[in-house]
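A.B. asks: Okay, predicted coordinates and the sequence, questions at the end:
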Amino acid sequence: MALLSSLKQIAGIESGTISKEFMPEFFKLVLGTISLPIDLPGTNYRRGFQARKNIVGMLRQLIEERRASQETHNDMLGCLMRTNENRYKLSDEEIIDLIITILYSGYETVSTTSMMAVKYLHDHPRVLDELRKEHLAIRERKRPEDPIDWNDYKLMRFTRAVIFETSRLATIVNGVLRKTTKDMELNGFVIPKGWRIYVYTREINYDPLLYPDPLAFNPWRWLDKSLESQNYFLLFGGGTRQCPGKELGIAEISTFLHYFVTRYRWEEVGGDKLMKFPRVEAPNGLHIRVSAY
Ligand code: HEM
């Protein structure tokens, strides 16, 4: 669902033939990026490269079709292709690279956070009650068929808190990458210029001085808005490279939660394995039994 939503917003790909071909290749690419770099037939690494080639081919064809049709598209691909509006003219290779990056960054984070929110809400009925209250209050002011809009989204204060707390406790992204631009000394150790470093942010999320009772799932802590602007708030990275899709991601997850909690109740089937390293995932899925609310 998260990938389909990204495909639609980013490249205007509706569910259908292209998305059916695109999705399996994309999942292979995701697996390939966090695999051991062993380039032999059958490894995830080799499959990831092959999948990237196939994805590049599909996106190239999409770009060519759009150019031939002369239609205007208001998705991200459309903006990147509008040469007269962009100060820097992007080559097709750069456009494709950007589309893959944005799809990748925007899909996995959103889908994993949504999955972990479903898990934590199931395990914490009091939080689910509070969340449902917020969304039912929004629905009360609307007809059943009315979609939610920006004004409704702005009222979702507790939902935002649930998303941050899910992101913190599950540590959906466990660090950020940087490259040193000069020799740097840190606690007596020198990190030479040009080294690539991985800033592991998971420990910060569990620091009891920053987040009292850090292993508790407590969304209420985020109702204090100042927590979002602390310099240790690194759930979406920091500085000039901070996640540009932060608000889009939160809006997507909030929309999913809105419909999920107002229309359904669910139970876990049980027995599913959840992994936190090297990334948060349920290798065989998190299976739930869903019924109407
Ligand atoms: C809950 C959802 C999300 C989380 C937790 C998340 C988290 C992150 C983190 C931690 C980074 C690294 C930032 C840094 O290096 O300082 C990042 C980068 C990035 N994210 Fe997100 N992200 C989310 C959603 C999205 C969405 C929806 C998009 C786009 C559709 C997106 C696009 C990107 C891009 C393009 C970068 C690279 C930015 C750069 O290097 O300049 N993200 N994200």
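C.D. replies: Right, received. Where do you want to start?
A.B. asks: Can you tell me the centre-most residue of the protein?
C.D. replies: With the centre of the chain defined as its mean C-alpha position, the nearest residue by Cα atoms, centre = their mean is residue 109, 2.3 Å away.
A.B. asks: residues contacting that one?
C.D. replies: Contacts for residue 109 (Cβ atoms under 8 Å, 6 or more residues apart in numbering) come out as 172-173, 245, 249. Where C-beta positions appear, they are placed from N, C-alpha and C, glycine not excepted.
A.B. asks: top of the residues you listed by neighbour count?
C.D. replies: The most crowded member of the contacts of residue 109, judged by other Cβ atoms under 10 Å, is residue 249 (24 neighbours).
A.B. asks: can you list contacts of the one helix or strand that one maps to?
C.D. replies: Remark: residue 249 resides in helix 246-263, with elements defined by DSSP states H and E. Around helix 246-263, the neighbours that count as contacts under Cβ under 8 Å, 6+ apart are 1-2, 5, 9, 106, 109-110, 113-114, 117-118, 121, 128, 131-132, 135-136, 138-139, 148, 152-153, 156, 159-160, 162-163, 236, 243, 292-293.
A.B. asks: quick one: residue 85 is in a strand?
C.D. replies: No. Residue 85 sits outside any strand when classified using DSSP: H, G, I helix; E, B strand; the rest coil, being coil.
A.B. asks: show me what contacts it?
C.D. replies: For residue 85, the contact set (Cβ under 8 Å, 6+ apart) comprises residue 79.
A.B. asks: Check it and give its pLDDT.
C.D. replies: According to the predicted model, the pLDDT of residue 85 comes to 72.
A.B. asks: Please state the backbone phi and psi of it?
C.D. replies: According to degrees, to the nearest 10, the main-chain angles of residue 85 amount to phi -90, psi -20.
A.B. asks: Would you quantify the distance from it to the ligand?
C.D. replies: With distances defined as Cβ to the nearest ligand atom, to the nearest Å, the gap from residue 85 to the ligand amounts to 20 Å.
A.B. asks: Tell me how far that residue lies from residue 78.
C.D. replies: Plainly put, residue 85 is 10 Å away from residue 78 if you go by Cβ to Cβ, to the nearest Å.
A.B. asks: Can you give me the neighbour number for the closest residue to the ligand within the stretch 51-200 of the chain?
C.D. replies: Sorted by distance to the ligand under Cβ to the nearest ligand atom, the residues of the stretch 51-200 of the chain start with residue 106, at 2.7 Å. Other residues lying near residue 106 total 24 when counted by other Cβ under 10 Å.
A.B. asks: ok, now which ones touch it?
C.D. replies: When contacts are counted by Cβ under 8 Å, 6+ apart, residue 106 touches 6, 10, 245, 248-249.
A.B. asks: just checking: which of these also lie near the ligand?
C.D. replies: With Cβ under 6 Å from any ligand atom as the criterion, these include 245, 248-249 near the ligand.
A.B. asks: With respect to the ligand, which of these is nearest?
C.D. replies: The shortest distance between the ligand and any of those, using Cβ to the nearest ligand atom, involves residue 245 and amounts to 2.0 Å.
A.B. asks: Please pick out the residue of this structure most distant from its centre.
C.D. replies: residue 188 (36.0 Å).
A.B. asks: pLDDT score assigned to it?
C.D. replies: Residue 188 carries a pLDDT score of 95 in this model.
A.B. asks: Also residue 74?
C.D. replies: You'll see residue 74 listed with a pLDDT of 87.
A.B. asks: again with residue 144
C.D. replies: Per-residue confidence for residue 144 comes out at a pLDDT of 88.
A.B. asks: What count of nearby residues applies to it?
C.D. replies: The local packing count at residue 144 equals 7, with neighbours defined by other Cβ under 10 Å.
A.B. asks: separation between it and residue 292?
C.D. replies: According to Cβ to Cβ, residue 144 and residue 292 sit 13 Å apart.
A.B. asks: How about residue 268?
C.D. replies: Applying Cβ to Cβ to residue 268 and residue 292 gives a distance of 18 Å.
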